[in-house]
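*Asks:* predicted model and sequence below, questions to follow.
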Amino acid sequence: MTNEPLLRVIRLCKHFPKAAGEVRVLEGIDLDVRAGEIVGILGRSGSGKSTLLRAIAGLVAPSSGRIVFAGREVDGPPAGVSMVFQGFALFPWLTVLENVSLGTRALGAEPESAHRKALAAIDLIGLDGFEGAYPRELSGGMQQRVGFARALVVEPKLLLMDEPFSALDVLTAETLRTDFLDLWNERRLGIEAVILVTHNIEEAVFLCDRVVVLRPNPGRIGAEVRISLPHPRDRLSASFRQVVEEVYALLTEREPAPARAGEPAIARHLRRVSVNAMAGLLETVAAPPYDGAADLPVVAHSLQLELDELLPVAEALQLLGFAEVAHADVMLAAAGREYALADTQRRKQIFAACALRNVALVAHIRDVLRARPNGRAPRVRFETELEDHLTEQYARETLDVAIEWGRYAELYEYDDVARELLLEQPETAPPPTATLAHDE
Amino acid sequence: MSPRRRKVRRDSERGDPIPLALRIGVNRFDVLAAALALGALALVVAAGQQMRAPLATLETAPISLDIGYLPGYALRTTIRMFAALAASLVFTFAIGTLAARNARARSILLPLLDVLQSVPVLGYLSFTVVVFLRLFPGSVLGAEFAAIFAIFTSQVWNMTFSFYQSLRTVPGELRDAARSMRLSAWQRFWHLDVPFAMPGLVWNAMVSMSGGWFFVVASEAIAVGAWTIPLPGIGSYVALAIAKRDLAAIGWALATMIVVIALYDVLVFRPLVAWSDQFRMGAARGAEPPHSLVLSLWRRTAALRTLDAAVRRGLRKATLWRGRAGTVPRPRVRASAGTLVYWSALTALAAGAAAYAWRFLAATDAREWLHVFVLGCITLARVVVLTLVASLVWVPIGVMIGLSPRWTARTQPFVQFLAAIPANLLFPLAVFAIVRFGLDPDIWLSPLIVLGAQWYILFNAIAGASAIPEDLVEIARSLRVRGFLRWRTVLLPGVAPYAITGALTAWGGAWNATIVAEMVHWGDRRLVAHGLGAYIAVQTEAGDFARIALGVAMMAAFVVAFNRLLWRPLYDAVERRFRLA
């Protein structure tokens, strides 16, 4: 493995221009992938891992930097690279056989040879018998097998996988993973290297020779872990758990506060986290056996949540000043402890105080509404303000979250028909007994 | 019947019930588009005027009221329909793709299409007839093309909008997959874009066809000034029957039309809808996939299957053509150079078009403008009242039907069928009655306006009620919500977006229908109501091109203005408030 890497990513950046400055999705990514490797790209949603994979696939043009595959600059989907998609991306109007053979047919293969190759791929991936079926007749696991067969039929050197197992149920995903790994280890796939994008730590540790941890805002490589456990890997072994723990810690490492020039605090992206989920985690951590401090992997395991589901909640707690999160640990702050023990009304008061103190956008909305004589402001006013710094989708999500939190804290209300935010009107406020209606 | 508004809520099955044109924002492009459309109209008018000089009647075989000729006439009418459909498909593929792929083209095309679809088809028929006649002098071909063009303009817009909308909503992963498999642009068009758009396109084409019968009947028998073009067809047959006061012949024509539409329904409509169902995305399909006996027969017949396979092979070969070899699509970086040139050219063109149109309309004076505006208000009142009345009648009935799946399955094909029967064939019966009993045309001609369009209200109400989740109906029953409260809290909110769509569709159709409904003949008797539609019809008979242009522009302005000022806000509000996510 001393020869030239199969793939080189050099100082890759991807920016999207915005009214004020730009949104930086990827910043200075350097990555080499050599023949014989399965490389995992691990990161939370929003860390740009999918964008990185799409750039390597030639689907997204980088803003700066280069991607070199098999000695040639990537400036469009290159020959020798195939991709497997999270949502399978099968053509619903084509049969399994037609789906698999389309790629070779499109590149000009004769019908007979395309047919032969497709059958071989279908055979290899364990789909024989389903050649004539339409995707909608197949279970998710079978559909993703078609996705694999379709990717392999063009005999790629590099296989890109974008969360290929995350749309499947646990059992099916595990079967597909082991099947794939067996074929890979027996060298029957004919591919030289694999890049796997995932947010599932165990999956990465189970499959990969090397895991690259991406950090968000802007997406950049934070750490790299080499995994040399022999296959087949035993998920319950101490050494496996230790690697998982290590990666967990890397992923949850407390970030230096985003010190970006010209970025006001109100434009901080808020992830969609419901108040109920926060309350649930606070109560869990406050109660025995954790008594205020817990190991996130342990909590996740006991609640049967994935990291991607639990971490945003923990981060929201941290943002609101309810807890501290560091090195895969969550520790309740005073406000968090008090909240966990309080009744509904008191909880709202604590939440309001924390939100006003720690979430700039919530305080900002309240101030703007107070400054207006009628106490009303259109939603679009805040959305536009946020869009100067965030993508449209993030701006909407951030404002939605600020609205939910503000409503719960009874700081302001939102009228979805008029699309206006307004200050809480005391005379229309519901009686205190009727305030438990904040289900997701 | 302006076609987009005829679009029924079928694409709600794709979770996308908003009429496409309603989504377009009002901006500077609207101004440009309006100017361009007006200019183009004026150009056609001018061409028509110049060609007026030698008035000649086409030497064609005279239409005969002999029943034996009817099947032949029906066939010619049907062929015109399909010719127009083919033209619409070509236009849709070209313009829809251009609008979807090119941001610059999109910014002007969308408003332009929106304005064009608001221009009453029957209004400018007179111009196109003259233009096409002159293009093919001494041949019946000119009149044929004019009729086909009229049908084309009545059915093309909603197809184009549907195709455009589909292209814009192709799932990103599928698009990525196709590109990462290195399909060429041509291959992606035929193997991803077109199949994905197929269900919506087929549905809109079929709705267009239904509406098209109305226009084909009207356009065959058009008389512009001294020009009378008797195109052999059902429409001219009916026109002759009216002139000769032959009620029996009208009955025969109606019966023939019903048979033709039934045949078309069984042989074309249903097989196509059933066939296109395979292109629907996602596993969750309607309760029952559409079924067609003819399609099943086709698929099971061995001889046909061989033919089918051969056709498929040919198609596959054509659609797998790689284009310029190795054209792998590159992610494009937006270039801003040339924007200035583009804008200047577009603005100049629009300004020129507007000036040209103005010169033309200036032939009429301000008094005439005011007069036409007042007539427009009268017609507006008529259309509003009738749309409201039709909604009040048909929405409750539609809801009752839609709540019962059995009744829905029974009535829906029937209503679709009713919608396809050209209402203008029924006009003579009403006219006969009005003349017979000496009724006031200003009042009694009005119902004819919604005769054809009312079915869309019923159709949408049925679809809306059957889309109300069973849970909601059951919880209402379990809470003993009954009577008026049930209508107010469950049923009407549940169907509101659908009812609005239906009313909007009927509204557009009604405007178009005013041109043939506000002025009618019975023998040599002429009944004229006061209104903009009658104005256009009268001026068409007189061959006064400047006044026709004025009337048509005024009607388009009314329709566009009300779509923008009333329907879109209304639709948005209803949609946000009552949408069942």
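*Replies:* Sure thing, it's come through.

*Asks:* quick one: buried residues of the longest helix seen in chain B?
*Replies:* Longest helix of chain B, by residue count under DSSP state H: helix B:366-403. Of the residues in helix B:366-403, B:372, B:375-376, B:378-380, B:382-383, B:386-387, B:390-391, B:394-396, B:398-399, B:401-403 count as buried by neighbour count, 16 or more other Cβ atoms under 10 Å in any protein chain shown. Placement of C-beta: from N, CA and C, glycine included.

*Asks:* tell me the secondary structure for the residue of chain A found nearest chain B?
*Replies:* Residue of chain A nearest chain B, by Cβ to the nearest Cβ: A:Ala61 (3.4 Å). A:Ala61 falls in the coil class when you classify it by DSSP: H, G, I helix; E, B strand; the rest coil.

*Asks:* how close does it get to A:Phe69?
*Replies:* 15 Å (Cβ to Cβ, to the nearest Å).

*Asks:* those two: who's more crowded?
*Replies:* Neighbour totals were compared for A:Ala61 and A:Phe69, and A:Phe69 leads with 22 against 15 (other Cβ atoms under 10 Å in any protein chain shown).

*Asks:* for chain A, which spans come out with low pLDDT?
*Replies:* A:1-2, A:18-21, A:254-263, A:425-440 (pLDDT under 70).

*Asks:* report the central residue of it.
*Replies:* Geometric centre of chain A, nearest residue: A:Ser45, 2.4 Å, by Cα atoms, centre = their mean.

*Asks:* pretty sure that residue contacts A:Asp308?
*Replies:* Yes. A:Ser45 lies in contact with A:Asp308 (Cβ atoms under 8 Å); the separation is 6.3 Å.

*Asks:* list the contacts of the residue nearest to the centre of chain A.
*Replies:* For A:Ser45, the contacting residues are A:199, A:308, by Cβ atoms under 8 Å, 6 or more residues apart in numbering or on different chains.

*Asks:* same deal with B:Leu565?
*Replies:* Contacts of B:Leu565 by Cβ under 8 Å, 6+ apart: none found.

*Asks:* next one: A:Ala402
*Replies:* A:270, A:359, A:361-362, A:365, A:382.

*Asks:* would you map out the domains in the chain?
*Replies:* Picked chain A for this. A:7-252, A:267-434 (automatic domain parsing).

*Asks:* meant chain B, my bad for not saying
*Replies:* Using automatic domain parsing, chain B is parsed into the domains B:72-280, B:363-581.

*Asks:* deepest of those domains, which one?
*Replies:* Each of these was scored by mean neighbour count; the highest is domain B:72-280, a mean of 21, by mean count of other Cβ atoms under 10 Å in any protein chain shown.

*Asks:* from the middle of its chain, how far away would that domain be?
*Replies:* Relative to its chain's centre, domain B:72-280 lies at 8 Å (Cα atoms, centre = their mean, to the nearest Å).

*Asks:* for that domain, measure first residue to last.
*Replies:* From its first residue to its last, domain B:72-280 covers 38 Å (Cα to Cα, to the nearest Å).

*Asks:* report the rounded mean pLDDT for it.
*Replies:* Taken as a whole, domain B:72-280 has a mean pLDDT of 84.

*Asks:* OK, contacts around the residue nearest to A:Glu397 when sequence neighbours are not counted?
*Replies:* Counting by Cβ to Cβ, 6 or more residues apart in numbering or on different chains, A:Arg272 is the residue found nearest to A:Glu397 once chain neighbours are left out, at 5.6 Å. By Cβ under 8 Å, 6+ apart, the contact set of A:Arg272 is A:312, A:397, A:400-401.

*Asks:* now do B:Leu240
*Replies:* B:Leu240 touches B:63, B:65, B:221, B:230, B:249, counting by Cβ under 8 Å, 6+ apart.

*Asks:* how far away is it from A:Glu186?
*Replies:* Applying Cβ to Cβ to B:Leu240 and A:Glu186 gives a distance of 82 Å.

*Asks:* who's in contact with stretch B:435-451?
*Replies:* Contacts of stretch B:435-451 (Cβ under 8 Å, 6+ apart): B:382-383, B:385-387, B:389-390, B:423, B:426-427, B:430, B:433-434, B:506, B:509-510, B:513-514, B:517-518, B:520, B:522, B:525, B:527-530, B:533.

*Asks:* and the end-to-end length of it?
*Replies:* Stretch B:435-451: ends 19 Å apart by Cα to Cα.

*Asks:* so for B:Gln155, which of the domains of chain A sits nearest?
*Replies:* Nearest of the domains of chain A to B:Gln155, taken as Cβ to Cβ: domain A:7-252 at 25.0 Å.
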